[in-house]
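[1] got a sequence here, can you model it:
(2 chains)
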Amino acid sequence: MIQKTLTLRNQRGLHARAASKLVQCASAFQSQVWLTRQGRRVNAQSIMGVLLLAAPSGSELLMEVDGPDEEQAIAALVELVDNRFGEDQ
Amino acid sequence: MSLAFSGIGVSRGIAVGRVHRLTAGQPSVAEYHLEPGDIEQELERLDSAVDRGDRFLTELMARSEGEGGDTARELLEAHRLILRDPMLLDGAREAVSEQRINAEWALARQREQLIDEFRKIDDEYIALRQEDLDQVVKLILRELAEQPGSLLTAKTPHRLNEVIIVAGELGPAEMAVLHQRRVGGLVTEHGGPMSHAAILARSLEIPMVVGVHRAVSLLREDETLILDGHYGSLICSHSEPLQRHYEDKREVIQRRRADLGRYISRPSRTADGQGFQLYGNAELPQEFERCREVRVAGIGLMRTEYLFLDGTIPDEETQFRAYRAALKQMDGRPVTVRTLDAGGDKLPPAMALSEGPNPALGLRGLRLSLAMPDSFRDQINAILRASVQGPIEILLPMITSLNEVRQARALIEDCRLTLRRQGLAIDPDIPIGGMIETPAAALSLDALAAELDFLSIGTNDLVQYTLAVDRQDELVSYLHDPAHPAVLRLLAEIVEQGQRHQRPVTVCGELAGDERAARLLLGLGVRRFSLPPSALPAVKKSLIEADSRRCRELVETWRSQSSDADSQRLLADLMRD
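    Next up, the predicted model:
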């Protein structure tokens, strides 16, 4: 299992569009992906779970990835978050 | 003063209970509990509804492409994510398997829970998602409704033993749920004695009256109703003594049933020492259970339409599991599986395309299977694979020509060889028989017998096709006379041809389940009967007490008379000892 703490740098945090991208990215891997914010831990392959984190810009998230392709998965997810979900800002 | 209505009594017995009306209309969330054995099927129903919903969304996305529909695509993509969301689906699946509730109910509950969670979040962007969730849940519910869940709504009481259900008509899905909830009695506006619901009601011993015009609007919710399934009468606004009279009658019937039960363990031999065999007709798991209880020699007719009735064509695996379960339940006794007999009154929604101008004379039975070789192969493969579990036989419905039988045999052989190449050794001698239910088949047995290992007489259709009477049409169903001289001639012909070609002949229509008609068949030389388990005790008693030589004489004499002889008198004479 790999753990990593991430900070959301995009303008609106995990709003609908960003959450969708995150879930799509997480669902592309076999590994289980979990996100924790302020004590709430959700399945990152669940759109509703990710939205329920209600994470605004600047939030810190703990990401846990566990599975056969965990290294590729965390790399892809970190890249997505670091690139501000491809948003212009 | 009491008020009476009349219809056609299709399943004997008395029911006294409160009216509950089922009305079609706006899609309602059906809520009901599942039997432990039905959980697997319900989960599959949910999964397949989600799959179809996903396909629907994917098609919409493909269509919105090139129309500058980026926003639409994004929304649809979000809906697809919700559709596959583990928080929604895993929760619903868990509720189905652990709380044993139907998929619609489980989904509605899961939606409530998720919405509660979302309400706690104070963010306008996120609040918007509730609408999306609702749309997705509606999509799944719509797909679930495609596979008829049931008309039973949240308002339907959970204990139904003192309840009489009144509906326009009832499908097999409703019947399964109603039986499970021990309904007292059934009334429908449409349908005849041979409709699917009526056959199931008899088999499950639920008193039923059909063809009661405008019953849903004439009967009031919750009023007490007396139903007599023998005479087809309904009485409401009655006096207390009348109600007591019927309650006593109901008890007498129950006691008679218990008395007949004593014949179940007696040897199957007529008064003059002729042996006979009683097989069961079964389709629903509950019916196989009843067949075991009445100690059938095997299953003479396993219908498979039920598997197809949820609107989709079941895949090979689903069918394989159903046939294997049947063989397991029968524990070494043979099971005769009839391949899909769809068409006419039994057309599953998935095959609605095959409904021609006259379904009874159209693409149905074996014709339909041969026209859809891929799904026919799925069914044959499932049967062949299940054969490892126990003795199984294949029965081909609705035959009219030798060519059809040859085609079917070739396809079955091809399936067997393919399975063998895949390493699965299937007995090459699995018996393949035919339903003799058209005059064409009955009169071509010289040729057909060479290609059929056994013959099963489907009296319902044979009567319908011989007399040109639509058994579903309440305006002419009074003409449906199984003892019509023309029918008897055909029956005698089939039995004689079977003996000549040494092919076992089983009668498996409703006729075999009638205690008087069973003696008539005995007189014609029939020794194998396949009947609904509910009818077995009475028929067994009738045959045990019959003198087969006297039955033969009566039938012979009657056949030599002019063709307008009174068949009811023959049936009455046969019952005289």
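
[2] how far away is the closest residue to chain A within the stretch 401-550 of chain B from residue B:381?
    At 28.7 Å from chain A, residue B:422 is the closest residue in the stretch 401-550 of chain B, using CB to the nearest CB. Just so you know, the C-beta spots here come from the backbone N, C-alpha and C atoms, and that holds for glycine as well. Residue B:422 sits at a distance of 10 Å from residue B:381 (criterion: CB to CB, to the nearest Å).

[3] again with residue B:280
    The gap separating residue B:280 from residue B:381 is 25 Å, by CB to CB.

[4] and if you look at residue B:118?
    Distance from residue B:118 to residue B:381, by CB to CB: 47 Å.

[5] show me where chain A has its helices.
    A:16-27, A:47-52, A:70-82 (DSSP state H).

[6] the shortest one packs against which elements?
    Under the contact definition 3 or more CB pairs under 8 Å, 6 or more residues apart in numbering or on different chains; DSSP states H and E, helix A:47-52 sits against helix A:16-27, strand A:40-43, helix B:70-83, helix B:86-99, helix B:103-119, helix B:129-146.

[7] 7 Å instead?
    helix A:16-27, strand A:40-43, helix B:70-83, helix B:86-99, helix B:103-119 (3 or more CB pairs under 7 Å, 6 or more residues apart in numbering or on different chains; DSSP states H and E).

[8] same check, this time on the longest one
    Helices and strands in packing contact with helix A:70-82 are listed as strand A:2-7, helix A:16-27, strand A:60-66; criterion 3+ CB pairs under 7 Å, 6+ apart.

[9] can you rerun that using 10 Å?
    Packing partners of helix A:70-82 (3 or more CB pairs under 10 Å, 6 or more residues apart in numbering or on different chains; DSSP states H and E): strand A:2-7, helix A:16-27, strand A:32-37, strand A:60-66.

[10] OK, contacts around the residue nearest to residue B:36 when sequence neighbours are not counted?
    In space, and not counting its chain neighbours, residue B:36 is closest to residue B:100: 7.0 Å by CB to CB, 6 or more residues apart in numbering or on different chains. By CB atoms under 10 Å, 6 or more residues apart in numbering or on different chains, the residues touching residue B:100 are B:32, B:33, B:34, B:35, B:36, B:38, B:39, B:42, B:106.

[11] so the last one makes contact with residue B:96?
    Yes - proximity of residue B:106 to residue B:96 meets the contact threshold set by CB atoms under 10 Å, at 4.8 Å.

[12] pull up the overlap in contacts between these two.
    B:42, B:43, B:46.

[13] for the residues you listed, which one is nearest chain A?
    Taking CB to the nearest CB as the measure, chain A lies nearest residue B:46 of these, at 17.1 Å.

[14] is it correct that that closest one is in contact with residue B:105?
    No - using CB under 10 Å, residue B:46 is not in contact with residue B:105, being 11.0 Å away.

[15] apart from its neighbours in sequence, what residue is nearest the spatially most central residue of chain A?
    The structure's chain A has its C-alpha centroid closest to residue A:22; by CA atoms, centre = their mean the separation is 5.2 Å. Of all residues not flanking residue A:22 in the chain, residue A:50 sits nearest, at 5.8 Å (CB to CB, 6+ apart).

[16] do the same with residue B:453
    In this structure, residue B:453 finds its nearest non-sequential neighbour in residue B:431, 4.0 Å apart by CB to CB, 6+ apart.

[17] and that neighbour, how far is that from residue B:406?
    Residue B:431 is 16 Å from residue B:406, by CB to CB.

[18] so which elements touch the lengthiest helix in chain B?
    Using DSSP H, we find that the single longest helix of chain B is helix B:39-64. Secondary-structure packing of helix B:39-64 (3+ CB pairs under 10 Å, 6+ apart): helix B:70-83, helix B:86-99, helix B:103-119, helix B:129-146, helix B:316-330.

[19] mind putting those helices into TSV with mean pLDDT and distance to residue B:19?
    As requested, these are exported to TSV (pLDDT from 0 to 100; distance: least, CB to CB, whole Å):
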stretch	mean pLDDT	distance to residue B:19
helix B:70-83	81	40
helix B:86-99	91	29
helix B:103-119	87	24
helix B:129-146	79	25
helix B:316-330	91	35
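
[20] now do the longest helix of chain B: distance to the chain's middle.
    Computed by CA atoms, centre = their mean, to the nearest Å, the separation of helix B:39-64 from the middle of its chain amounts to 26 Å.

[21] check the gap between the closest residue to residue A:72 other than its chain neighbours and chain B for me.
    Nearest non-adjacent residue to residue A:72, counting by CB to CB, 6+ apart: residue A:29, 6.7 Å away. Distance from residue A:29 to chain B, counting by CB to the nearest CB, to the nearest Å: 14 Å.

[22] coming back round to it: nearest to residue B:90, out of the helices and strands packed on helix A:70-82?
    For those, the distance to residue B:90 is smallest for strand A:32-37, at 12.8 Å, taking CB to CB.

[23] and the closest one, what other elements does it pack with?
    strand A:2-7, helix A:16-27, strand A:40-43, helix A:47-52, strand A:60-66, helix A:70-82.

[24] next, the angle strand A:2-7 makes with it.
    Per axes from the mean of the first three to the mean of the last three CA atoms, to 10 degrees, the angle that strand A:32-37 makes with strand A:2-7 is 40 degrees.

[25] dump strand A:32-37 to CSV, restricted to CA.
    Taking Å, rounded to 0.1, in the frame of the first residue of the first chain, the C-alpha atoms of strand A:32-37 are listed here in CSV:
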residue,chain,number,x,y,z
GLN,A,32,-8.3,0.3,-4.5
VAL,A,33,-8.0,4.0,-3.9
TRP,A,34,-9.1,5.7,-0.8
LEU,A,35,-9.3,9.4,0.1
THR,A,36,-9.4,10.8,3.6
ARG,A,37,-10.2,14.4,4.6
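
[26] for residue B:13, what are its contacts?
    Contacts of residue B:13 (CB under 10 Å, 6+ apart): B:184-185, B:201-202, B:205-208, B:227-230, B:249-250, B:253-254, B:257, B:534.

[27] is it possible to mark the buried ones in these?
    Buried by 16 or more other CB atoms under 10 Å in any protein chain shown: B:184-185, B:201-202, B:205-208, B:227-229, B:249-250, B:253, B:534, out of the contacts of residue B:13.

[28] those: which ones sit near chain A?
    The overlap between those and the neighbours of chain A (CB under 10 Å from any CB of the partner chain) is empty.

[29] neighbours of the nearest residue to residue A:48 once chain neighbours are set aside, how many?
    Of all residues not flanking residue A:48 in the chain, residue B:87 sits nearest, at 4.9 Å (CB to CB, 6+ apart). Counted with other CB atoms under 10 Å in any protein chain shown, residues neighbouring residue B:87 total 22.
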